[in-house]
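1. sequence unknown, structure follows:
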Ligand code: ATP
Ligand code: MG
């Protein structure tokens, strides 16, 4: 149940979100998926930690799980610093960090999203990103409910 998994992850991150005064919301119902639970947990952790790291104090994040016929989708949106048009095509590359992130106190090695993409694709899923600089970022992942 990927909704249950996401809610558990949100509880694990609760303190960090509270400390930064970033509000996090979840929307979704029980949704069963055949997938590698540890790997999907890693996907959720990486995306949530980005939403937290790249959102300023007082910001917001939300996660949705949508249940379709043969696929599910996971949407994670934040009101953070956003990603420029120039950086956007590169963020899934290993060790790539957008210019605004490189000189930040918040560390990171630029590997998180490369791992996310590899896991999603190993599940025959897709990943998409939309972002506007200084407004926020949204990632949409789809996963087939069954592995064929
Ligand atoms: P790591 O995840 O390895 O600790 P990282 O967060 O820098 O380091 P990725 O998660 O791969 O690396 O992200 C790559 C880059 O994409 C980030 O450095 C950042 O510039 C940008 N990015 C990723 N997620 C967001 C987001 N939610 N908002 C704004 N920028 C983001
Ligand atoms: Mg990251």
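-> Sure thing, it's come through. Just so we're clear, the structure is a prediction, and the values are computed from it rather than from any experiment. Ligands and ions are numbered 1, 2, ... in the order given.

2. Only C-alpha atoms from now on, for both contacts and neighbour counts.
-> Will do.

3. which stretches of this structure form strands?
-> Under the criterion DSSP state E, strands of the chain are mapped to 23-27, 60-67, 71-78, 126-132, 136-144.

4. Centroid-nearest residue for this protein?
-> Centre of the chain computed as the mean C-alpha position; nearest residue by Cα atoms, centre = their mean is residue 47, 2.5 Å away.

5. pLDDT averaged over stretch 90-109 - what is it?
-> Stretch 90-109 carries an average pLDDT of 80.

6. measure it end to end?
-> 14 Å (Cα to Cα, to the nearest Å).

7. distance of residue 94 from residue 111?
-> In terms of Cα to Cα, residue 94 sits 5 Å off from residue 111.

8. Generate a markdown table for the strands of the chain, with mean pLDDT and mean neighbour count as supplementary columns.
-> Output for the strands of the chain, formatted as a markdown table (pLDDT from 0 to 100; neighbours: other Cα atoms under 10 Å):
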| stretch | mean pLDDT | mean neighbour count |
| --- | --- | --- |
| strand 23-27 | 98 | 16 |
| strand 60-67 | 97 | 20 |
| strand 71-78 | 98 | 20 |
| strand 126-132 | 98 | 16 |
| strand 136-144 | 98 | 20 |
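
9. Tell me which of those lies nearest to ligand 1.
-> Shortest distance between ligand 1 and these, using Cα to the nearest ligand atom, is found for strand 136-144: 5.3 Å.

10. Give me the contacts around that closest one.
-> With Cα atoms under 8 Å, 6 or more residues apart in numbering as the test, strand 136-144 has contacts from 33, 70-83, 120, 123-131.

11. One more: stretch 112-126?
-> Here stretch 112-126 has contacts from 35, 39-40, 42-43, 46-47, 91-94, 127, 141-144, 147, using Cα under 8 Å, 6+ apart.

12. try 10 Å
-> If you take Cα atoms under 10 Å, 6 or more residues apart in numbering as the criterion, stretch 112-126 is touched by 34-36, 39-40, 42-47, 49-50, 71-73, 91-96, 127-128, 140-148.

13. those helices in the chain, which residues are they?
-> Listed in chain order, the helices of the chain (DSSP state H) span 2-19, 37-53, 99-102, 112-122.

14. Adding distance to ligand 2, write the strands of the chain out as CSV.
-> Shown next, in CSV, are those (distance: least, Cα to the ion, whole Å):
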stretch, distance to ligand 2
strand 23-27, 17
strand 60-67, 15
strand 71-78, 14
strand 126-132, 14
strand 136-144, 13
